[in-house]
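Engineer: predicted structure and sequence below. I'll ask about it afterward.
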Amino acid sequence: MISIRGAIVIPDNTKACILGETKFLIEEILKSNNVEAEEIISIVFSATRDLTASYPAPAARELGIVDASLLCVQEMYVENSLPMCIRLLMNVNKDSNQKAVKHIYLNGAEALRPDIAK
């Protein structure tokens, strides 16, 4: 099993924007790590407290990720932290080396992990 991290900064607090940008993040993670929807065990999504128009999980369902367990939580608020951000942790049933995983940070979320953001 491998775990993949990702995050994206969302430009607007709208349902369409939250779902569209979350889909984009998931698609980039799947493509970059050669993961199929059936291999996903679970995804935990977190959103900063300024994102209130939608849960991010429906974006995964719209992409055909229907058998994985999904959970949405609110990201802990820390002063001066990155606003308008959705993070995810995806657990995948795949024989691979964890060091080979490509974590994906987009639209300014690279600031969260400059050491691994590509």
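Structural biologist: Arrived safely, thanks for sending. Please read all numbers here as calculations on a predicted model, not as lab measurements. Numbers count the residues shown, from 1 in each chain.
Engineer: quick check: end-to-end length of stretch 69-83?
Structural biologist: 26 Å (C-alpha to C-alpha, to the nearest Å).
Engineer: same thing with stretch 94-111?
Structural biologist: Start and end residues of stretch 94-111 are separated by 28 Å (C-alpha to C-alpha).
Engineer: buried ones in it?
Structural biologist: 94, 101, 103-106, 108-109 (16 or more other C-beta atoms under 10 Å). No exception for glycine: its C-beta is placed from N, CA and C like everyone else's.
Engineer: for it, what is the distance to the chain centroid?
Structural biologist: The chain centre lies 10 Å from the centre of stretch 94-111; the measure is C-alpha atoms, centre = their mean, to the nearest Å.
Engineer: which residues outside it are in contact with it?
Structural biologist: For stretch 94-111, the external contacting residues (C-beta atoms under 8 Å, 6 or more residues apart in numbering) are 1-11, 21, 24-25, 28-29, 32-33, 35, 39, 82, 85, 87, 112-113, 116-118.
Engineer: with stretch 1-11 instead?
Structural biologist: 17-18, 21-22, 24-26, 28-29, 33, 35, 41, 51, 82-94, 96-98, 101-109, 112-113.
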